[in-house]
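Q: Here you go, sequence then predicted model.
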Amino acid sequence: MSKLILIRHGQSVWNKKNVFTGWVDVPLSREGVDEALKAGEQIAGIEFDVIFTSVQIRAIETAMIAMAANNSQKTPVVIHTEGKMAEWTTIYNDAMSRNVIPVYRDWHLNERYYGELQGKNKAETAEVYGEEQVHIWRRSYDVAPPAGECLKDTAERTIPFFTETILPQLQAGKNVLVSAHGNSLRSIVMHIDGLSEEEVLKLEIPTGVPLYFEYKDGVVKRAM
Ligand SMILES: O=C(O)[C@H](O)COP(=O)(O)O
């Protein structure tokens, strides 16, 4: 049995201002750093073998800060790979592999692209377009915000990455940490939990709260 922990990044400086973020690369707020530290304490007992993040700084920061609170004797090291995830031991020698947790950054885990809404205040946007329309843009499965991605579009990049890159690590008995975003993780949780397009409307993933899954008998499912 291997463990999968999914964490949405801690509060970002634009989350704090209630601004649509998407692919804009903003860092954590002070509160977000505290959330990442607390998340690290919650998963401190888990010995991770590999870490995946998006290429966005708020997710990378969350992973590295959470690992600072982990009891691991190993050091997380960002690995640069060309294209497909290379066998990282071919890049680093065995000695290093004993002391290092590889961190792979990949754009497939990036937040949903929010298109024309990026940079706009969420409350002000609701005043202009109506609460219902903004809720549909934010939480529906197949209705995209203007010039942005709907959750289905996001899933079309996150799910292949999950099944082709993350799942083989779990199948190899590795404990995996994934630090990503509210909607890129909603698409993955929808896949794992088998949620319908109606059920995913209600799926919310809070910042900085570890979600626990396990791979056992060929299946990934909720652990706690
Ligand atoms: O991109 C953003 O604005 C947030 O990370 C997620 O926004 P949402 O909760 O409005 O989808």
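A: Noted; the coordinates are in hand.

Q: and this structure, which of its residues are near the ligand?
A: 20-22, 111, 114, 138, 181-183 (Cβ under 6 Å from any ligand atom). Bear in mind the C-beta positions are built from the backbone N, C-alpha and C, glycine included.

Q: if I pick the most centrally placed residue in the chain, what's in contact with it?
A: Closest to where the C-alpha atoms of the chain average out (Cα atoms, centre = their mean) is residue 180, at 1.8 Å. When contacts are counted by Cβ atoms under 8 Å, 6 or more residues apart in numbering, residue 180 is found next to 6-9, 52-54, 59, 109-111, 188.

Q: where's the residue of the chain found nearest the ligand relative to residue 124, distance?
A: The nearest approach of the chain to the ligand comes at residue 21, 3.6 Å away (Cβ to the nearest ligand atom). Distance, residue 21 to residue 124, by Cβ to Cβ, to the nearest Å: 15 Å.

Q: Check residue 166 too.
A: Taken as Cβ to Cβ, the span from residue 166 to residue 124 is 37 Å.

Q: and those two? which has more neighbours close in?
A: With neighbours defined as other Cβ atoms under 10 Å, residue 166 and residue 124 compare such that residue 166 has more, 26 against 11.

Q: what sits against that one?
A: Neighbouring residues of residue 166 by Cβ under 8 Å, 6+ apart: 4, 52, 176, 178.

Q: where does the second one fall, phi/psi-wise?
A: By that I understand residue 52. Main-chain torsions, residue 52, degrees, to the nearest 10: phi -120, psi 140.

Q: C-terminal to the lowest-mean-pLDDT helix or strand in the chain, what's the next element?
A: The helix or strand of the chain with the poorest confidence is helix 94-99; it has a mean of 73 (mean pLDDT, DSSP states H and E). Using DSSP states H and E, the helix or strand that follows helix 94-99 in sequence is strand 100-105.

Q: check contacts around residue 113.
A: By Cβ under 8 Å, 6+ apart, the residues touching residue 113 are 22-23, 148-149, 153-154.
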